[in-house]
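>>> sequence plus predicted model, see below.
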Amino acid sequence: MSRHQLTDKELISDVKPGCYTGGEVNTVIKTKDLTRFAFCFPDAYEVGMSHLGLQILYFMINRREDTWCERAFMPLHDMIDLLREKNVPLFAIESGDDLRDFDILGFTLQYEMSYTNVLAMLDLTGIPLKAHERGEEYPLVCAGGPCTVNPEPMADFVDFFYIGDGEAALDTVLDMYNESRDICKADFLEKICNIPGIYVPRFYDVTYAKDGTLASFAPNNPIAPAMVMCAFSPDLGFYPDRFIVPLTESVHNRAVVEIARGCMRGCRFCQAGYIYRPLRERTPDDILAHGSKLMDATGHEEISLLALSACDYEDFSELIDTLLVETQKRKVNISLPSTRVDAVSVGTLAKTQALRKSSLTVAPEAGSQRMRDIINKNLTKEEILEGCYSAFLAGYDKIKLYFMAGLPGEEMEDVLAIATLADEVVETYYRLDYEARKRPVSVSVSTACFVPKPFTPFQWAGMVRPADFLDGQHAAKAKIRKKQISYKYHDAKTAQVEGVLARGDRRIGKAIETAYKNGAIFDGWSDYFRYGLWIDAFEETGVDIDFYAHRERVGDELLPWDFIDLGISKEFLLREWKKAQDEQTTPNCRDACAGCGCKTCKLK
């Protein structure tokens, strides 16, 4: 069974047939007698093909002579209907083969709201959803990505999780698989369970107290470690010299160079800033080499410098000067992700926009200084406004401001301060001389509902309720008076479900399966998200939304992810949680070590 059972006419009848036919520039084709690994992205092709991790691991695995890595994506609704109508299982893009023909299916969990898509992809392949229901005839199912720092909600469906940097130990897992292809699944899982980053749910038992909290979490297999160490790559390791170039439009059509992983800032809401500790930077020579090769291999007209805080890269201005020699010669634009405006000079901004002006994304995260102190943003209003003024001087006339609401300790005046700050950004533009204001300024404000995440100081915080979030957003939007400002806010009901999934335990798995079977897929897409399906699933499986999303946890509570060692201590996170409640800030890692427990940090 394969894609080849579908006629060309049937494929062309799909809205986006290029998402399923393969044949893109730089794809890898090998023989089928190798170990077959499918990188499964539980979202649409155009989303998955914009994901850097897919590109890195695809080429990292395919550099091996014994393994062929292919790709699979969550099909859109019209293709789902076609597959079911024709009784064709979900297939890999490169070969068109049925995913059941593979040895390992590797799902990346980037966002909790994609969990039902994982189940949908297994179901469309004809693979039982539960790990214990899959016999030796089915592929191993593994999962990696940032959501695996709390793997418990998906524990029922996954044979093993890979937690941490993919470059660190994935080759070791594949080495062991190729050395022991004739042994049964259980023996293989025992063989790999002590590799850093590997967590096998079936080797652990969980008990619960009368109040619903965790009572114990312990191995039931003597080989399994009590604490699972995350996989860590100190020098970031492999980076591809080419990317797959989609034949159809993707979310981001550009080459990407990861210049750093981790962050020195310590923003208390930011899960990535903690789980990717410590800060690791690629050398300028490596960045230039990677960028040059990617531009040669892809033909993209834009190259993005990716990091949690790109402008915190040491000698950032010098790096830009070096890259501009290449990009200007090729007429390629340099783009930056969300920027800390306090760290960017007028000259650097002007240089990056020498070829094409675009909008600048700034993330104050909170409108008031009190809230920025609580979240440890370490950014003043004066720095924000002066940074925006620098951007305006450099030729920008479009600013995107990202905020969160529903943060711990927030009051209504803090929410209204979002509108005030946006107003002041517009006023800052008019500090320019009249001749410098060539176009009207545009300030777009986007406010998300805050979701507490594991391994952050806010992992103990209760979430704001959707109705309270909406009250604040309606008030803030009503306060906007300037026509240059557009204001939008995210759906708080989606955030509430995300909050349940993010900090849930194994009992959440039943609700995920029930929601899927009731029709929930593409839950991260506002057009498809159906809140009622989740409410019904929670009620049917006995999941208390208040318990998981809105309850403030106590400091000594056993959390579902406490068995994972990411290199940062729970005591440090508790200190930061207390400092947030006291509205105290912590310096960034370059200025002073906060004692997070990270043993590999070079900034101490």
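Okay, I see it. As the structure is a computational prediction, the values presented were derived from the model and not from experiment. Numbering: from 1, shown residues only.
>>> residues touching residue 201, list them.
Contacts here follow C-beta atoms under 8 Å, 6 or more residues apart in numbering; on that basis residue 201 touches 131, 151, 152, 155, 156, 158, 160, 161, 506. For the C-beta atoms, the positions are set from N, CA and C on the backbone; glycine is no exception.
>>> which one of the residues you listed is nearest to residue 296?
residue 161 (36.3 Å; C-beta to C-beta).
>>> setting aside sequence neighbours, what's the nearest residue to the most centrally placed residue in the chain?
Residue closest to the average C-alpha location in the chain (C-alpha atoms, centre = their mean): residue 110, at 4.2 Å. Nearest non-adjacent residue to residue 110, counting by C-beta to C-beta, 6 or more residues apart in numbering: residue 145, 5.2 Å away.
>>> equivalent analysis for residue 336, please.
Leaving aside its chain neighbours, residue 336 sits nearest to residue 310 (5.2 Å; criterion: C-beta to C-beta, 6+ apart).
>>> next one: residue 335
Closest residue to residue 335 apart from its sequence neighbours, by C-beta to C-beta, 6+ apart: residue 304 at 4.6 Å.
>>> spell out the secondary structure type for that neighbour.
When classified by DSSP: H, G, I helix; E, B strand; the rest coil, residue 304 comes out as strand.
>>> and residue 448, that's in a helix?
No: read with three-state DSSP, residue 448 is strand and lies in no helix.
>>> which parts of the stretch 251-400 of the chain are helices?
With DSSP state H, counting those that start in this stretch as the criterion, the stretch 251-400 of the chain has helices at 271-275, 284-298, 316-330, 346-352, 369-374, 381-393.
>>> now these in CSV, with distance to residue 465?
Formatted as CSV, those follow (distance: least, C-beta to C-beta, whole Å):
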stretch, distance to residue 465
helix 271-275, 22
helix 284-298, 45
helix 316-330, 41
helix 346-352, 40
helix 369-374, 18
helix 381-393, 29
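>>> would JSON lines of those helices with mean neighbour count, distance to residue 435 and mean pLDDT be doable?
Output for those, formatted as JSON lines (neighbours: other C-beta atoms under 10 Å; distance: least, C-beta to C-beta, whole Å; pLDDT from 0 to 100):
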{"stretch": "helix 271-275", "mean neighbour count": "21", "distance to residue 435": "41", "mean pLDDT": "96"}
{"stretch": "helix 284-298", "mean neighbour count": "17", "distance to residue 435": "36", "mean pLDDT": "92"}
{"stretch": "helix 316-330", "mean neighbour count": "16", "distance to residue 435": "26", "mean pLDDT": "87"}
{"stretch": "helix 346-352", "mean neighbour count": "18", "distance to residue 435": "17", "mean pLDDT": "67"}
{"stretch": "helix 369-374", "mean neighbour count": "21", "distance to residue 435": "34", "mean pLDDT": "98"}
{"stretch": "helix 381-393", "mean neighbour count": "19", "distance to residue 435": "12", "mean pLDDT": "91"}
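>>> wait, which of those helices is closest to residue 455?
Closest of these to residue 455 is helix 271-275, at 5.0 Å (criterion: C-beta to C-beta).
>>> which residues touch the closest one?
The contact list for helix 271-275, computed with C-beta under 8 Å, 6+ apart, reads 146, 149, 230, 262-263, 265-267, 308, 453-456, 566, 568, 573.
>>> show me which of the residues you listed are buried.
Among those, those buried by neighbour count (16 or more other C-beta atoms under 10 Å) are 146, 149, 230, 262-263, 265-267, 308, 453-456, 566, 568, 573.
>>> of those, which is the nearest to residue 408?
Distances from residue 408 to these, taken as C-beta to C-beta, are shortest for residue 456 (10.8 Å).
>>> these two touch, right, that closest one and residue 269?
Yes: with contacts counted by C-beta atoms under 8 Å, residue 456 reaches residue 269, the gap being 6.5 Å.
>>> now the angle from the biggest helix by length in the chain to helix 381-393?
Looking across the chain with DSSP state H, the single longest helix is helix 412-429. Put simply, helix 412-429 runs at 30 degrees to helix 381-393, going by axes from the mean of the first three to the mean of the last three C-alpha atoms, to 10 degrees.
>>> tell me how far helix 412-429 lies from the chain's centre.
28 Å (C-alpha atoms, centre = their mean, to the nearest Å).
>>> use 345 as the first number for this chain going forward.
Fine by me, first position is 345 from now on; the one you just mentioned is helix 756-773.
>>> identify each buried residue in that helix, please.
Within helix 756-773, the residues that count as buried by 16+ other C-beta under 10 Å are 758-763, 765-767, 769-770, 772-773.
>>> likewise stretch 464-473?
464, 465, 466, 467, 468, 469, 471, 473.
>>> ok, the residues you listed vs residue 788, which is closest?
Looking at the buried residues of stretch 464-473 and their distance to residue 788, the nearest is residue 464, at 33.1 Å (C-beta to C-beta).
>>> for that closest one, which non-adjacent residue is spatially closest?
In space, and not counting its chain neighbours, residue 464 is closest to residue 865: 5.0 Å by C-beta to C-beta, 6+ apart.
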